[in-house]
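Enquirer: here is the input, now give the coordinates:
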Amino acid sequence: MMKKTTSALAAAALLGTGIGTASAATFQIDDSTSVDLGARFYSWVTGTKDAEGKSQTNYATSPRINVGASSDAVNGLTVSTFMQFRPQATLGNTKDDENDDGVRTHVAYGTVAGDFGSVTYGKNDNLFYRYLDILADKNDVLTYTFSNAIQRTRVLTYASPDFDGFGFEVEAALQGDNEKDALTDSASDNPGTRTSSKTSSINAAAYANLDPVTVHVAYAEGNLQNSNSDGAYGVGAVTTIQDVKVDAFYKYSNIYKDGVQGTKKQKIYGVIGEFDNSFGLVQLGAQQVKGNDISSRTEVIARGVYDLADNVYVSAEYRKADKSQDEGDGYALAFSYKF
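Expert: So this is what the prediction gives:
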């Protein structure tokens, strides 16, 4: 099954949703060039409550195709690229699916790596997600509230080599997702609000393997999403207690300081435990969410996974979102097959 592991973050967070797994098909073009092809069939059903407390059943299928390639270059350098394609529509029963056809490029980036570390450019999840939010992003369908600092941009990233268990990354958003300085329309929640025309921002992250604990820290500059905003920061820790893997995290963000959208100020802290058994794994986690325009709440998610094969599994999840009218409370079932 596909897992997002600490080692992927600590050693090479740039891999993100890469396909360098045993189930991917690898073709050796010549002595220095290889191509990886991978795909995933992913389907789920949910039964959760809406904002009025009414139970809603939804289903969807979200397949994806991964393509990666790597070549040896001059002076010990390696050049690689990775792309993931997903259908715009999730092939489900929601209204959006009917008007959202086509295929989108989920990520697409190229990397040059060597003894100096690596340099990557392209469309990728930003550092705040890959170092902190990923610690809580373990479920198939049901999710916790994310930090509002995770907006993806087209970024240039430098990652240092591993210095005996320590490393860092610095990221510059050369082309932001908000590319034009424009007023929001009168029908929006914040009419007349001006979006940012600034297309550069600096984000940074680092890890330290302090056996038996791995620590992650990250900072995202505020103008990642609008010009009148503060930065976001956070710290996470990963360890193993007995046979239970434990992720703990704290995140603060004020990305939407001018109220363009969403929560203006947000604090999230939580812990997630995970252990493997002979059939799959079990996860149980909880996080506290606080903001200056929301009620403080505690979100709880339990998840169990049953492995049908090395690359096939089914999962069941239950979430208690702690919102008004029990919004978001409910279950999800998922099926995943990948190669």
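Enquirer: which stretch of helix or strand covers Gly47?
Expert: Secondary-structure assignment from DSSP states H and E places Gly47 in strand 33-49.
Enquirer: export the following helix or strand past that strand to CSV, keeping only CA atoms.
Expert: Following strand 33-49 in sequence order, the next helix or strand is strand 55-61 (DSSP H and E). Extracted C-alpha coordinates of strand 55-61, given in CSV (Å, rounded to 0.1, in the frame of the first residue of the first chain):
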residue,chain,number,x,y,z
SER,A,55,-26.6,12.3,6.3
GLN,A,56,-25.2,12.3,2.8
THR,A,57,-23.8,9.3,0.8
ASN,A,58,-21.2,10.0,-1.8
TYR,A,59,-18.9,7.9,-4.0
ALA,A,60,-16.1,8.6,-6.4
THR,A,61,-13.2,7.1,-8.3
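Enquirer: rounded mean pLDDT for strand 55-61, please.
Expert: Confidence for strand 55-61, expressed as mean pLDDT, is 91.
Enquirer: counting by contacts, list what that strand packs against.
Expert: strand 33-49 (3 or more Cβ pairs under 8 Å, 6 or more residues apart in numbering; DSSP states H and E). For the C-beta atoms, the positions are set from N, CA and C on the backbone; glycine is no exception.
Enquirer: tell me the bridge partners for Ile301.
Expert: Note on Ile301: beta-bridge partners by DSSP bridges are Gly285, Arg319.
Enquirer: what about it, neighbour count?
Expert: The tally of other residues near Ile301 (other Cβ atoms under 10 Å) stands at 23.
Enquirer: OK, contacts around it?
Expert: Applying Cβ atoms under 8 Å, 6 or more residues apart in numbering to Ile301 gives the contacts 139, 142-144, 283-286, 317-320.
Enquirer: rewinding a little: sheet partners, orientation included, of the strand holding Gly47?
Expert: strand 25-28 (antiparallel), strand 55-61 (antiparallel), strand 64-72 (antiparallel), strand 330-338 (antiparallel).
Enquirer: what segments of this protein are helices?
Expert: Secondary structure of the chain by DSSP state H: the helices cover 6-12, 127-131.
Enquirer: what bits of the stretch 151-300 of the chain have low per-residue confidence?
Expert: 151-153, 174-200, 222-229, 256-263 (pLDDT under 70).
Enquirer: tell me where it has strands.
Expert: Along the stretch 151-300 of the chain, the stretches classed as strands by DSSP state E, counting those that start in this stretch are 153-159, 166-175, 202-210, 213-220, 232-241, 244-253, 266-276, 280-291, 294-309.
Enquirer: out of the strands paired with strand 33-49, nearest to Tyr42?
Expert: strand 330-338 (5.2 Å; Cβ to Cβ).
Enquirer: please compute how far that closest one lies from its chain's middle.
Expert: In terms of Cα atoms, centre = their mean, to the nearest Å, the centre of strand 330-338 is set 18 Å apart from its chain centre.
Enquirer: right, and Ala232 touches Ile255 too?
Expert: Yes. Look at Ala232 against Ile255 with Cβ atoms under 8 Å: they come within range, at 5.9 Å.
Enquirer: more neighbours: these two, which one.
Expert: Using other Cβ under 10 Å as the criterion, Ala232 and Ile255 rank with Ile255 on top: 29 against 25.
Enquirer: next one: Glu327 relative to Asp137, how far apart?
Expert: Distance, Glu327 to Asp137, by Cβ to Cβ, to the nearest Å: 20 Å.
Enquirer: correction: His106
Expert: As for His106, its distance to Asp137 is 15 Å (criterion: Cβ to Cβ).
Enquirer: now the strands paired with strand 33-49 as a markdown table including distance to Trp44 and mean neighbour count?
Expert: A markdown table is the format used below for the strands paired with strand 33-49 (distance: least, Cβ to Cβ, whole Å; neighbours: other Cβ atoms under 10 Å):
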| stretch | distance to Trp44 | mean neighbour count |
| --- | --- | --- |
| strand 25-28 | 25 | 11 |
| strand 55-61 | 6 | 14 |
| strand 64-72 | 14 | 17 |
| strand 330-338 | 4 | 19 |
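Enquirer: export these as JSON lines, with columns for distance to Ala248.
Expert: Below are those laid out as JSON lines (distance: least, Cβ to Cβ, whole Å):
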{"stretch": "strand 25-28", "distance to Ala248": "36"}
{"stretch": "strand 55-61", "distance to Ala248": "31"}
{"stretch": "strand 64-72", "distance to Ala248": "30"}
{"stretch": "strand 330-338", "distance to Ala248": "24"}
